[in-house]
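Asks: curious how this folds, go ahead:
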Amino acid sequence: MSHMADPVTSRPNVLNSLSSDRKDSSLYQYGSKNSLVRTAGRFVRTPSTRAGLVALLVFAFFAAAAKGFLSVEAAKSYLTLASESGVLALGVTLLMIGGEFDLSVGSVLGLSALLVPLLVLHGVYPAIAIIIGLAAGALIGALHGVLVAMTKAPSLIVTLGGLMFWRGIVFALTGGFLVPVDTHSAVFRIFSASWAGFQVSLLWLAALVLLLELTLARTRFGNWVFATGGNPGTAVQLGIPVRRVKIILFMLTAMLAALAGMIQMTRFASVEPLRGQGAELRAITAVVIGGTRLEGGRGTVLGTAFGVLTIAMIKVGLQLIRVPGYFLDATVGAVLVLAVLVNVYTGRIARASS
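Replies: Predicted coordinates:
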């Protein structure tokens, strides 16, 4: 069947009509198309390639500047950090490609993780408690998605309210105190197992990257996600169920936040009231570093994986250099701005070379 026969399932045709961020050489014909520009353009054409380049530069810098950064122990540290925050950021990636934001994921992470030990204390089997925690995340995401899709309220405002509301629920349930978790049950091993110091969360991240990348690249739903974020009005005209897509994306984002909460809960064997605080901003930072557009319609899961790795390496590298902790946010912020500039200008090079 030709591409034109089914415009909904064919990403090339759908995206060519929906996204303004495609090959329009008339917008960026500012340089000669010599071989050097074409070579550079081919290299930096994809957001994931650019994000990988940023990660490589960060790695090279700390390998030279931080004693011990090349050690196995350092690798364990930044890979663990990257995998746990990466699980959360992958859901945020799909939602941002779909043109929406979720600022509540940090609070959802904390609440979902908290439900498990509370339920276990009341006699619920750990496996069932984990399922309930994940389901709670999905239900919260569905609530946010319905509010955004049906009322057309800005997702930033809806989920900002969710951030404060669900965090308040966490404080109400804990009384402001840390809640210990008995992780001796075998079911917790799927989230906390390790081999030679490397956490199983790495496998979770790798599996999710593969699954979600294939979903975006090879499925009708993946086409719908790009279309919804690229131009929702035109997507509706083409018969794409934009509201349903957005609700599903909010549910997926919140459920992955809950999954990240399970991983952190079992690794630390406790849940404190501030668990997940600030995770939403770090996730968005990693997603943007990974090349996803704030306007929606473009992004890659692999790029986000490089983004969380970049942030994790910065954190570990600064600790090894003995830079005060309050410089971490400043450094990550600088890298964020740099990554945005790299994405903008290398994107122009890619278009000029096409």
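Asks: what about the strands in the stretch 251-354 of the chain?
Replies: 270-271 (DSSP state E, counting those that start in this stretch).
Asks: cool, and the chain?
Replies: Listed in chain order, the strands of the chain (DSSP state E) span 179-180, 194-195, 198-199, 270-271.
Asks: redo those as TSV? Include distance to residue 82 and mean neighbour count.
Replies: (C-beta placed from N, C-alpha, C; glycine too.) Output for the strands of the chain, formatted as TSV (distance: least, Cβ to Cβ, whole Å; neighbours: other Cβ atoms under 10 Å):
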stretch	distance to residue 82	mean neighbour count
strand 179-180	26	16
strand 194-195	15	12
strand 198-199	10	19
strand 270-271	21	22
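Asks: can you say which of those is nearest to residue 109?
Replies: For residue 109, the closest of the strands of the chain is strand 270-271, at 9.8 Å, according to Cβ to Cβ.
Asks: re the thing from before, of the strands of the chain, which is nearest residue 148?
Replies: Comparison of those against residue 148 by Cβ to Cβ identifies strand 270-271 as nearest, at 27.9 Å.
Asks: neighbouring strands of that closest one in the sheet, and parallel or not?
Replies: Note on strand 270-271: by DSSP bridges, its sheet partners are strand 179-180 (antiparallel).
Asks: quick revisit: where among the strands of the chain is the average confidence lowest?
Replies: Per-stretch mean pLDDT for those is lowest at strand 194-195 (a mean of 86).
Asks: residues in contact with that one?
Replies: residue 200 (Cβ atoms under 8 Å, 6 or more residues apart in numbering).
Asks: could you do stretch 267-277 as well?
Replies: Contacts for stretch 267-277 (Cβ under 8 Å, 6+ apart): 84, 105-110, 113-114, 117, 167, 170-171, 174, 176-183, 191-192, 199, 201, 257, 260-261, 264-265.
Asks: quick one: buried ones out of these?
Replies: Among the contacts of stretch 267-277, those buried by neighbour count (16 or more other Cβ atoms under 10 Å) are 84, 105-110, 113-114, 117, 167, 170, 174, 179, 181, 183, 191-192, 199, 201, 257, 260-261, 264-265.
Asks: which of these fall within helices?
Replies: Among the buried ones among the contacts of stretch 267-277, the ones falling in helices (DSSP state H) are 84, 105-110, 113-114, 117, 167, 170, 174, 191-192, 201, 257, 260-261, 264-265.
Asks: relative to residue 304, which of the strands of the chain is closest?
Replies: For residue 304, the closest of the strands of the chain is strand 198-199, at 18.7 Å, according to Cβ to Cβ.
Asks: hmm, who's touching the closest one?
Replies: 76, 79, 80, 83, 84, 192, 193, 267.
Asks: how far out from the middle of the chain is that strand?
Replies: Strand 198-199 has its C-alpha centroid displaced from the chain centroid by 20 Å (Cα atoms, centre = their mean, to the nearest Å).
Asks: what do you get for stretch 212-231?
Replies: 15 Å.
Asks: same check, this time on stretch 264-281
Replies: Relative to its chain's centre, stretch 264-281 lies at 17 Å (Cα atoms, centre = their mean).
Asks: distance between the ends of that stretch?
Replies: 18 Å (Cα to Cα, to the nearest Å).
Asks: just the buried positions in that stretch, please.
Replies: Applying a neighbour-count criterion of 16+ other Cβ under 10 Å, one finds 264-268, 270-273, 275-277, 279-280 buried in stretch 264-281.
Asks: can you redo the residues you listed as a markdown table with distance to residue 223?
Replies: Below are these laid out as a markdown table (distance: Cβ to Cβ, whole Å):
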| residue | distance to residue 223 |
| --- | --- |
| 264 | 33 |
| 265 | 35 |
| 266 | 36 |
| 267 | 36 |
| 268 | 39 |
| 270 | 42 |
| 271 | 38 |
| 272 | 41 |
| 273 | 41 |
| 275 | 36 |
| 276 | 32 |
| 277 | 36 |
| 279 | 29 |
| 280 | 27 |
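Asks: any idea which of these is closest to residue 71?
Replies: Out of the buried residues of stretch 264-281, the member with the shortest distance to residue 71 (by Cβ to Cβ) is residue 267, at 20.8 Å.
Asks: from residue 304, how far out is the closest one?
Replies: Separation of residue 267 from residue 304 (Cβ to Cβ, to the nearest Å) stands at 21 Å.
Asks: repeat that for residue 139.
Replies: Distance from residue 139 to residue 304, by Cβ to Cβ: 25 Å.
Asks: do the same with residue 234
Replies: For residue 234, the distance to residue 304 equals 26 Å [Cβ to Cβ].
Asks: tell me which of these two has more neighbours.
Replies: Neighbours were counted for residue 234 and for residue 304 using other Cβ atoms under 10 Å; residue 304 has more, 32 against 14.
Asks: thinking that one is in contact with residue 86, fair?
Replies: Yes - counting by Cβ atoms under 8 Å, residue 86 is a contact partner of residue 304 at 7.1 Å.
Asks: any common contacting residues for the two?
Replies: Residues touching both residue 304 and residue 86 (Cβ under 8 Å, 6+ apart) are residue 286.
Asks: let's check: the centremost residue of the chain is which one?
Replies: With distances taken as Cα atoms, centre = their mean, the residue of the chain nearest its centroid is residue 89 (1.8 Å).
Asks: ok, now which ones touch that residue?
Replies: 282, 283, 286, 287, 290, 304, 307, 308.
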